[in-house]
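# Next come a sequence and a model predicted from it.
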Amino acid sequence: MPVDPALSSLVIDRASPVPLYFQLAQHLEQAIDSGRLAPNTMLANEIQLADQIGLSRPTVRRAMQYLVDKGLLVRRRGVGTRVVQPRVRRPLELTSLYDDLAAGGRSPQTRVLSNTVEPVRPDIAEILSLPAGTPVVSLVRLRSADGRPIARLTNHLVGNLPGLSTPALEQHGLYALLRGAGVILQAAQQSIGARTATAAEARLLEEAKGAALLTMNRLTFDERGRAVEYGTHIYVAARHSFELSLLTHRGSSRPGRT
């Protein structure tokens, strides 16, 4: 069997401290992310791959399992191993899901489920440091990528913000609209968790009841340090992940980014 084009540029460095399976997994992951290995592409079996690239079968099996665990490959007994649609992978930076999807070429779509101005709820008032009853913009949106629902986004925004009409929100990302309204987003506090979907959430996201969800709560501040937005979002775990880099700063104590 000829070498798969996605593997033709693979160079295994046997002198590197990086494990051989991880070198192979990283190469295949990059090929999937770049589109050189498109969704639904069937891969050769482990024996054939091992022969093509000169690695042992256990090494290839471990690389395949690593990618299965990351949700990039799926195995079916008697069928083989194929590439699945990559998850949306987001750096932990002050960007919006819309921006991240667009930057990744993922064709974001938005359906506004609710767009109202209403008195702030007591729990949200405490988070945003607002007096009870202060009017806030409350948004609920369904975000899809490549035609599949990926997240339900709930946001509470402080102040009279022009430009947040439903048509505008269905065409642009929220943070882009805030920037257009003159709001400078400077920093955020963010927490990430996980839970299972309720029946209503599963129906909205076109998942099975009890499907795994990622959760994210984010409190965003402007350049003056004022809280301007609080979001509580849920994401389909099978199609979404967050990435972060951890650095050790020797000899000093420096806060990480939120």
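Okay, I see it.
# use CA for all of it now, contacts and neighbours both
Fine.
# Report how many residues lie close to residue 70.
Counted with other Cα atoms under 10 Å, residues neighbouring residue 70 total 15.
# Run through who's touching the longest helix along the chain.
Counting by DSSP state H, the longest helix found in the chain is helix 20-34. In this structure, residues lying in contact with helix 20-34 by Cα atoms under 8 Å, 6 or more residues apart in numbering are 6-7, 10, 12-14, 37-39, 59-60, 62-64, 66-67, 72, 83, 86.
# and it, C-alpha only, in CSV?
Included here for helix 20-34 are C-alpha records, laid out as CSV according to Å, rounded to 0.1, in the frame of the first residue of the first chain:
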residue,chain,number,x,y,z
LEU,A,20,7.7,8.2,19.3
TYR,A,21,3.9,7.7,19.6
PHE,A,22,3.5,11.4,20.5
GLN,A,23,5.5,12.5,17.5
LEU,A,24,3.2,10.5,15.3
ALA,A,25,0.1,11.7,17.1
GLN,A,26,1.1,15.3,16.8
HIS,A,27,1.8,14.9,13.1
LEU,A,28,-1.6,13.4,12.5
GLU,A,29,-3.3,16.0,14.7
GLN,A,30,-1.8,18.8,12.6
ALA,A,31,-2.9,17.0,9.4
ILE,A,32,-6.4,16.9,10.7
ASP,A,33,-6.4,20.5,11.9
SER,A,34,-5.1,21.7,8.5
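# quick one, what contacts residue 230?
124, 127-128, 155-157, 217-220.
# Now, of those, which are buried?
Burial by neighbour count, 16 or more other Cα atoms under 10 Å: within the contacts of residue 230 this picks out 128, 155-157, 217-220.
# Which ones among these lie within strands?
Among the buried ones among the contacts of residue 230, the members falling in strands are 155-157, 217-220 (criterion: DSSP state E).
# So which residues make contact with stretch 156-170?
109-112, 115, 124, 135-139, 174, 177-178, 181, 227-231.
# Poorly predicted segments of the stretch 101-250 of the chain, please.
101-106, 240-250 (pLDDT under 70).
# how about the strands of the stretch 101-250 of the chain, start to end?
Using DSSP state E, counting those that start in this stretch, the strands of the stretch 101-250 of the chain run over 108-119, 135-145, 148-158, 185-196, 212-222, 227-236, 240-243.
# okay if I get the ones you listed as a markdown table plus distance to residue 205?
Rendered in a markdown table, the data for those read as follows (distance: least, Cα to Cα, whole Å):
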| stretch | distance to residue 205 |
| --- | --- |
| strand 108-119 | 12 |
| strand 135-145 | 8 |
| strand 148-158 | 5 |
| strand 185-196 | 12 |
| strand 212-222 | 10 |
| strand 227-236 | 7 |
| strand 240-243 | 13 |
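# Looking at those strands, which is nearest to residue 78?
Taking Cα to Cα as the criterion, strand 212-222 is the member of those that comes nearest to residue 78, at 27.1 Å.
# and that closest one, which strands flank it?
When pairs are called by DSSP bridges, strand 212-222 turns out to pair with strand 185-196 (antiparallel), strand 227-236 (antiparallel).
# still on that earlier bit, list just the one of the strands of the stretch 101-250 of the chain that sits closest to residue 50.
strand 240-243 (29.5 Å).
# Okay, domains of this protein per the record?
Domain assignment of the chain by automatic domain parsing yields the ranges 5-83, 88-243.
# Just the mean pLDDT for the shortest one, thanks.
Along domain 5-83, the predicted confidence averages to a pLDDT of 83.
# Now do that domain: distance to the chain's middle.
Centroid separation between domain 5-83 and its chain, computed with Cα atoms, centre = their mean, to the nearest Å, is 23 Å.
# cool, and the longest one?
What separates the centre of domain 88-243 from the centre of its chain is 12 Å, taken as Cα atoms, centre = their mean.
# Residue 217 bridge partners, please.
Beta-bridge pairing of residue 217, defined through DSSP bridges, involves residue 191, residue 232.
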